[in-house]
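Participant: Here is my input; please provide its structure:
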Amino acid sequence: MSVADRPPLPPFSHQTAMEKVRLAEDAWNSRDPERVSLAYTVDSQWRNRAEFINGRAEIVSFLTRKWNRELDYRLIKEIWTFGPSRIAVRFAYEWHDDSGQWFRSYGNENWEFDDYGLMRRRIASINDLPIAERERKYHWPLGRRPDDHPGLTALGL
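Facilitator: Okay, here's the model as predicted:
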């Protein structure tokens, strides 16, 4: 391994794929665009909804805009399937806008990794559902989801 490696590295086993998913969830829950961008290749390609993003600089810009708009963001990711260098996840996150309207955003992502464990491609499909504050299911303090907090399946999502 080199200092540029982002373990776990391909080829993935079920266990290492699950670890990769949790590491991604933890990074996104930090809401730190620079930190998140380091998990991607310098020329990473994304499709996020209808937006196409290329490279770390655009990732940082995109995530900065996202988390300025999606307030009190909390995310749970769950592995769907995996291959030697690919992982598919489903996810749901909760957030509110500046008017106080809460949303639960559901989606799936397809990830492709290089040999060093950096994500070179991310394809995300996402739908937003307005919810009442009383319908929220994610109440942990901002940051990493606690280990004892239920995942998507346990929450019925």
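Participant: quick check, Trp46 in a strand?
Facilitator: Yes. Assessed with DSSP: H, G, I helix; E, B strand; the rest coil, Trp46 lies in a strand.
Participant: Pull the contacting residues for it.
Facilitator: Going by Cβ atoms under 8 Å, 6 or more residues apart in numbering, Trp46 touches Phe52, Ile53, Asn54, Ile59, Phe62, Arg121, Arg122, Ile123, Ala124. All C-beta spots, glycine's among them, are computed from the backbone N, C-alpha and C.
Participant: list the contacts for Ala27?
Facilitator: By Cβ under 8 Å, 6+ apart, the residues touching Ala27 are Arg35, Val36, Ala39.
Participant: Just the buried residues of these.
Facilitator: Val36, Ala39 (16 or more other Cβ atoms under 10 Å).
Participant: right, and out of the contacts of Ala27, which lies closest to Asp72?
Facilitator: Distance to Asp72, by Cβ to Cβ, is smallest for Val36 among the contacts of Ala27, at 17.3 Å.
Participant: Export the helix or strand encompassing that closest one to CSV, keeping only CA atoms.
Facilitator: Remark: Val36 resides in helix 33-37, with elements defined by DSSP states H and E. Taking C-alpha atoms only, helix 33-37 is exported to CSV below (Å, rounded to 0.1, in the frame of the first residue of the first chain):
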residue,chain,number,x,y,z
PRO,A,33,-16.3,18.7,1.3
GLU,A,34,-12.4,18.6,1.4
ARG,A,35,-12.4,15.4,3.5
VAL,A,36,-15.0,13.7,1.3
SER,A,37,-13.2,14.6,-2.0
